[in-house]
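Novice: Pasting the sequence and the predicted coordinates here, then a few questions.
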Amino acid sequence: MPIKITVRNVSNGATIRMEVEPADKVCDIIDSAADFWNKDAGAYVLKKGKKLLRGSDTVAEINLVTDDVLEMIPDPEGGCRWGSPGLC
Amino acid sequence: MDLAVGSADGDRYDRQKRIWWMDMDAVSSARVLVAGAGALGNEALKDLVLAGFRRIDVADMDAVEVSNLSRCALFTDADVGRSKCLVAASRASAMAPGADVRPLESSVQDIDVWDYDIALGCLDNIAARLHVNAYCMHHRIPYVDGGTDGMRGKVQTVLPGGPCIQCTVNRTHVREMERRFSCTGGGSMYVPRMASDITTTAVIAAMQVREALKIASGRRDLCISNITYYDGSLCEMFNAAADIDPGCPNHTG
């Protein structure tokens, strides 16, 4: 039975409602939300309350229930220029 | 330490010693690695030396570029083309008597001796972070990782026995790593030109050095549990707690 959750984009406060299944993984939720918002390639994490969710955990393992709110956070990588720069 | 009459303003660290948990002897004797001498590395070095750290190694293999100058307090126009870590080490050493900042002109992958008390990650990519994280975990060195992207930033404190950087990566991080390597191939790395500004850099580096002060002073209980995210456009911060990943190679075997 699908579980209806809300994913909040902390970058701009936007939210989406999503239907997830117990076997879906946290990473699947990140990918779907990033795709919906046309996010640039980059690293993201999901947080539930004060807890950072592991990408490999399933919806069942993290005990998601209907109306739970997850926050999607971009994971910043920068700090210095490291390695040989090139063009993609 | 005894206070001589009328001497408070003659002591460089008088005000810092008034923070009750600060152990300045431990701070000055702690061995610190700063991985990266870019924007975060510059700010971290400056703060470390001003805060009383004296034994610091800084690793970087890049040269100073004009685009670095808006965020790097230790570089000037005359330094363009020179080794980042040589310039940064020299300038930081001159900021306080007894400061010994040694340059390591190498990638983090080439650091042979991991005998540090604290490591600060001032890097710009996940692969380098995971490398430093793994060595710190192996040698039980507290690792304070910083990252920025425009007005956003984060600080993650990794203490021995606790969740590490590897525990918190997911397939979006892996995809990002692969994207960088696949762009150039041959083991070299594509480094995108990310948004960056000195105000965010200064906040994140300051938080990293504050974590280092806690660790050096024996107050790991005051450290971040485990990640602080910062949004400079709203001036907001929030913490997130991570768990150890049972499949993390740094926590098994």
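Specialist: Structure's in. What do you need? What you see is a predicted model, and the numbers here were worked out from it, not measured in a lab.

Novice: ok, now how distant is residue B:91 from residue B:137?
Specialist: 31 Å (C-beta to C-beta, to the nearest Å). Bear in mind the C-beta positions are built from the backbone N, C-alpha and C, glycine included.

Novice: Kindly apply the preceding question to residue B:247 instead.
Specialist: Separation of residue B:247 from residue B:137 (C-beta to C-beta): 14 Å.

Novice: More neighbours: those two, which one.
Specialist: The residue with the greater number of neighbours, taking residue B:247 and residue B:137 and applying other C-beta atoms under 10 Å in any protein chain shown, is residue B:137; the counts read 22 against 11.

Novice: For the strand or helix carrying the more buried one, which outside residues touch it?
Specialist: Residue B:137 is part of helix B:126-139, with elements assigned from DSSP states H and E. Helix B:126-139 is touched from outside by A:43, A:77, A:82-83, B:35-36, B:107-109, B:111, B:114-116, B:119, B:121, B:123, B:141-143, B:145, B:147, B:158, B:160, B:164-166, B:169, B:173, B:176-177, B:180-181, B:189, B:249-251, with contacts defined as C-beta atoms under 8 Å, 6 or more residues apart in numbering or on different chains.

Novice: Could you tell me which of those residues count as buried?
Specialist: A:43, A:77, A:82-83, B:35-36, B:107-108, B:111, B:116, B:119, B:121, B:123, B:141-143, B:145, B:147, B:158, B:164-166, B:169, B:173, B:176-177, B:180-181, B:189, B:250-251 (16 or more other C-beta atoms under 10 Å in any protein chain shown).

Novice: May I see the buried residues of the helix holding residue B:137?
Specialist: B:126, B:127, B:128, B:129, B:130, B:131, B:132, B:133, B:134, B:135, B:136, B:137.

Novice: which residues in the chain form strands?
Specialist: All of this is about chain A. Under the criterion DSSP state E, strands of chain A are mapped to A:3-9, A:15-20, A:44-48, A:51-52, A:69-74.

Novice: Switch to chain B, please.
Specialist: Listed from the start of the chain, chain B has strands (DSSP E) covering B:31-35, B:55-59, B:100-104, B:118-121, B:143-149, B:152-158, B:227-231, B:236-240.

Novice: Nearest to residue B:70, out of the ones you listed?
Specialist: For residue B:70, the closest of the strands of chain B is strand B:143-149, at 13.4 Å, according to C-beta to C-beta.

Novice: and that closest one, what's its mean pLDDT?
Specialist: For strand B:143-149, the mean pLDDT works out to 96.

Novice: wait, what's in contact with the nearest residue to residue B:167 once chain neighbours are set aside?
Specialist: In space, and not counting its chain neighbours, residue B:167 is closest to residue B:245: 4.1 Å by C-beta to C-beta, 6 or more residues apart in numbering or on different chains. With C-beta under 8 Å, 6+ apart as the criterion, the residues that contact residue B:245 are A:54, A:56, B:163, B:166, B:167, B:168, B:251.

Novice: Burial check on the third one, number of neighbours?
Specialist: Residues near residue B:163, counting by other C-beta under 10 Å, number 24.

Novice: thought it was touching residue B:244?
Specialist: Yes - contact criterion C-beta atoms under 8 Å: residue B:163 and residue B:244 qualify, at 4.8 Å.

Novice: thinking again about what came up before, which one of the buried residues of helix B:126-139 sits closest to chain A?
Specialist: When the buried residues of helix B:126-139 are ranked by distance to chain A (C-beta to the nearest C-beta), residue B:128 comes first, at 5.4 Å.

Novice: For chain A, which element, helix or strand, carries the lowest mean pLDDT?
Specialist: Counting by mean pLDDT, DSSP states H and E, the weakest-scoring helix or strand in chain A turns out to be helix A:26-36, with a mean of 92.

Novice: Show me where the stretch 51-200 of chain B dips below the pLDDT cut-off.
Specialist: When the per-residue scores of the stretch 51-200 of chain B are filtered using pLDDT under 70, the ranges that remain are B:181-193.

Novice: Would you pull up the residue in it closest to chain A?
Specialist: Taking C-beta to the nearest C-beta as the measure, the stretch 51-200 of chain B has residue B:170 as its residue closest to chain A, at 2.4 Å.

Novice: Contact partners for the residue found closest to residue B:171 once you drop the neighbours it is linked to in the chain?
Specialist: With sequence-adjacent residues excluded and distances taken as C-beta to C-beta, 6+ apart, residue B:171 is closest to residue A:27, at 4.8 Å. Listed by C-beta under 8 Å, 6+ apart, the contact set of residue A:27 reads A:55, A:56, B:170, B:171, B:172.

Novice: go again using 7 Å as the cut-off
Specialist: A:55, B:170, B:171 (C-beta atoms under 7 Å, 6 or more residues apart in numbering or on different chains).

Novice: What is the nearest of these to residue B:24?
Specialist: For residue B:24, the nearest member of the contacts of residue A:27 is residue B:170. The distance, counting by C-beta to C-beta, is 40.2 Å.

Novice: do you know how far the most centrally placed residue in chain A is from residue A:37?
Specialist: To find the centre residue of chain A, average its C-alpha atoms and take the closest one (C-alpha atoms, centre = their mean): that gives residue A:30, at 3.2 Å. Between residue A:30 and residue A:37 the distance is 11 Å, computed by C-beta to C-beta.
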